[in-house]
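> The sequence isn't on hand, but the structure is:
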């Protein structure tokens with residue numbers, strides 16, 4: 001090779017190196033500028049019974065993988081433990097008293113016709129916005145395959161999957177036939193592969209959207225319907241939950257004597273909607289199987305991100321609209337202000353975050369997601385948000401953070417308001433006229449000892465009561481008929497029974 005040829009080869013290699021460096025710098029500048037995609041994964045009625053949260057029976061390897069990529073929030077709380085109020089709050093970034101959604105029928109645009117929702121903010125800033133499945137409220141299983149209470153202004157594209165789980169409802173085992181399917185203890189170990197189930201179809205359609213839009217900025221939301229009842233998943237997921245490992249917790253003998261009546265009226269008859277222990281265990285096994293099924297669909301989405309080389313420029317958020325009781329304290333499902341109803345799984349994985357694979361014990365709320373994603377992507381919300389960006393906690397899970405979490409419910413004509421700090425939960429019913437609750441999670445994580453009336457804790461109760469009053473001092477009060485309706489004998493009727 002001549003000297004001239006060598007010189008040309010060196011120059012050519014140098015130009016390639018400069019081009020490669022330019023590409024790297026361009027990618028880095030895009031990340032620094034917050035030009036991220038969003039994969040927004042919602043699940044329905046999922047509690048924190050996940051292996052990444054320390055559960056010993058339910059294995060969720062794909063959610064564990066996501067948590068290893070980002071931050072697992074160990075004290076994350078919904079604003080209203082019922083599907084539509086919770087989702088309306090998260091998607092608008094406003095508390096339920098602003099959205100005025102307290103049931104499963106009212107749409108938030110009735111009260112806020114011009115509000116810019118979270119995906120709508122991205123859409124108006126040039127992002128492609130799409131929804132697959134349940135993101136806003138759907139009645140489950142009644143509305144599967146429809147748009148439910150969707151918000152057309154939020155999306156460029158919508159997909160409403162419908163699978164064999166909907167077609168095979170006649171095969172369900174139902175231990176509570178007097179309740180609507182949407183509020184029942186019913187289940188089915190289904191035949192066929194994952195891809196024939198509604199959530200399997202949803203994962204497939206989401207992957208297609210990722211493939212079609214991999215070269216443009218996107219906000220793609222995938223809403224899974226499980227583990228919401230009926231608890232349906234392919235048989236293999238039932239096999240992963242050994243029945244002998246499914247146990248019901250003991251109920252303190254004096255529990256009902258320690259709490260105000262409104263605290264437990266959502267589980268009627270108490271305990272466990274009147275089913276026996278074996279039936280309760282089988283329903284619990286089915287619920288856990290549905291969690292494992294959802295985890296597998298999340299794995300398919302994460303694999304697609306990796307295959308399409310989108311992982312390093314996509315923020316992935318995984319959340320549930322509310323928590324879920326599975327027999328503890330005799331309770332089942334949601335609509336309570338106890339921990340397992342208000343607490344939700346929340347995982348955020350953002351490219352470039354300084355801390356990864358850590359749990360965060362700060363007290364956060366679902367409505368913090370709107371300001372967080374806007375912050376990470378350098379977008380300016382068009383209205384004042386009630387939440388606070390979690391960005392500092394993504395970089396340092398132990399960063400200073402003194403924001404409590406507020407959750408509410410309605411019992412016919414009166415509210416229940418609850419505040420959660422890192423140590424305490426204080427709840428009062430009808431401004432305290434119908435009772436109060438106080439729990440110290442350092443000494444009583446199972447919420448078995450109500451300290452609200454104990455003199456040594458009077459100062460703590462007063463301080464927390466002050467937080468409740470400050471948060472709801474200008475609250476909107478819905479008509480007496482809003483929220484769960486009061487039936488004969490003053491018993492609370494579950495609104496999901498009527499709609500779903």
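Received the coordinates, thanks. Computed from a predicted model, the values in this text were never measured in an experiment.

> buried stuff in stretch 199-209?
Neighbour counts over stretch 199-209 (16 or more other C-beta atoms under 10 Å) mark 199-207, 209 as buried. Just so you know, the C-beta spots here come from the backbone N, C-alpha and C atoms, and that holds for glycine as well.

> swap that for stretch 48-65, please
Within stretch 48-65, the residues scored as buried using 16+ other C-beta under 10 Å are 48-53, 57-60, 62-65.

> Next, give me the two most distant ones among the residues you listed.
Across the buried residues of stretch 48-65, the longest distance by C-beta to C-beta is 18.9 Å; it joins 57 and 65.

> circling back: could I get the buried residues of stretch 199-209 as JSON lines with pLDDT, secondary structure and distance to residue 42?
Formatted as JSON lines, the buried residues of stretch 199-209 follow (pLDDT from 0 to 100; DSSP: H, G, I helix; E, B strand; the rest coil; distance: C-beta to C-beta, whole Å):
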{"residue": "199", "pLDDT": "98", "secondary structure": "helix", "distance to residue 42": "11"}
{"residue": "200", "pLDDT": "98", "secondary structure": "helix", "distance to residue 42": "16"}
{"residue": "201", "pLDDT": "98", "secondary structure": "helix", "distance to residue 42": "16"}
{"residue": "202", "pLDDT": "98", "secondary structure": "helix", "distance to residue 42": "10"}
{"residue": "203", "pLDDT": "98", "secondary structure": "helix", "distance to residue 42": "13"}
{"residue": "204", "pLDDT": "98", "secondary structure": "helix", "distance to residue 42": "17"}
{"residue": "205", "pLDDT": "98", "secondary structure": "helix", "distance to residue 42": "14"}
{"residue": "206", "pLDDT": "98", "secondary structure": "helix", "distance to residue 42": "11"}
{"residue": "207", "pLDDT": "98", "secondary structure": "helix", "distance to residue 42": "16"}
{"residue": "209", "pLDDT": "98", "secondary structure": "helix", "distance to residue 42": "15"}
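
> roughly how far apart are the residue at minimal distance from the centre of the chain and residue 467?
With distances taken as C-alpha atoms, centre = their mean, residue 320 lies nearest the centre of the chain, 1.5 Å away. From residue 320 over to residue 467 the distance is 25 Å, taken as C-beta to C-beta, to the nearest Å.

> Check which helices and strands the longest strand along the chain sits against.
Determined from DSSP state E, the single longest strand within the chain is strand 218-227. Judged by 3 or more C-beta pairs under 8 Å, 6 or more residues apart in numbering; DSSP states H and E, strand 218-227 is in contact with strand 37-44, helix 118-124, strand 128-133, helix 198-212, helix 277-307.

> Go through the ones you listed and name the closest to residue 404.
So among these, helix 118-124 is nearest, using C-beta to C-beta, at 22.3 Å.

> List the buried residues in that closest one.
For helix 118-124, a neighbour-count test (16+ other C-beta under 10 Å) marks 118-123 as buried.

> do stretch 156-164 as well
Buried, per 16+ other C-beta under 10 Å, within stretch 156-164: 158-161, 163-164.

> how far out from the middle of the chain is it?
Centroid separation between stretch 156-164 and its chain, computed with C-alpha atoms, centre = their mean, to the nearest Å, is 20 Å.

> re the thing from before, partners of the longest strand of the chain, with directions?
Sheet pairing here is set by DSSP bridges, and for strand 218-227 it gives strand 37-44 (parallel), strand 128-133 (parallel).

> now the angle from it to helix 198-212?
170 degrees (axes from the mean of the first three to the mean of the last three C-alpha atoms, to 10 degrees).

> by how many degrees do strand 218-227 and helix 277-307 diverge?
Using the same axes, to 10 degrees: strand 218-227 against helix 277-307 is 160 degrees.

> any idea which helix or strand comes after strand 218-227?
Toward the C-terminal end, the helix or strand that comes next after strand 218-227 (DSSP states H and E) is strand 231-234.

> and after that next one, which helix or strand comes next?
Criterion used, DSSP H and E; the element after strand 231-234 is helix 235-239.

> Tell me the helices and strands packed up against that following helix.
Against helix 235-239 (3+ C-beta pairs under 8 Å, 6+ apart) you get strand 186-190, helix 277-307.

> Output the contacting helices and strands for the first one.
Okay, so that is strand 186-190. By 3+ C-beta pairs under 8 Å, 6+ apart, strand 186-190 packs against helix 164-167, strand 173-174, strand 231-234, helix 235-239, helix 277-307.

> Mean pLDDT and distance to residue 441 added to the ones you listed, as JSON lines?
Formatted as JSON lines, the helices and strands packed on strand 186-190 follow (pLDDT from 0 to 100; distance: least, C-beta to C-beta, whole Å):
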{"stretch": "helix 164-167", "mean pLDDT": "96", "distance to residue 441": "37"}
{"stretch": "strand 173-174", "mean pLDDT": "98", "distance to residue 441": "35"}
{"stretch": "strand 231-234", "mean pLDDT": "98", "distance to residue 441": "29"}
{"stretch": "helix 235-239", "mean pLDDT": "98", "distance to residue 441": "31"}
{"stretch": "helix 277-307", "mean pLDDT": "98", "distance to residue 441": "23"}
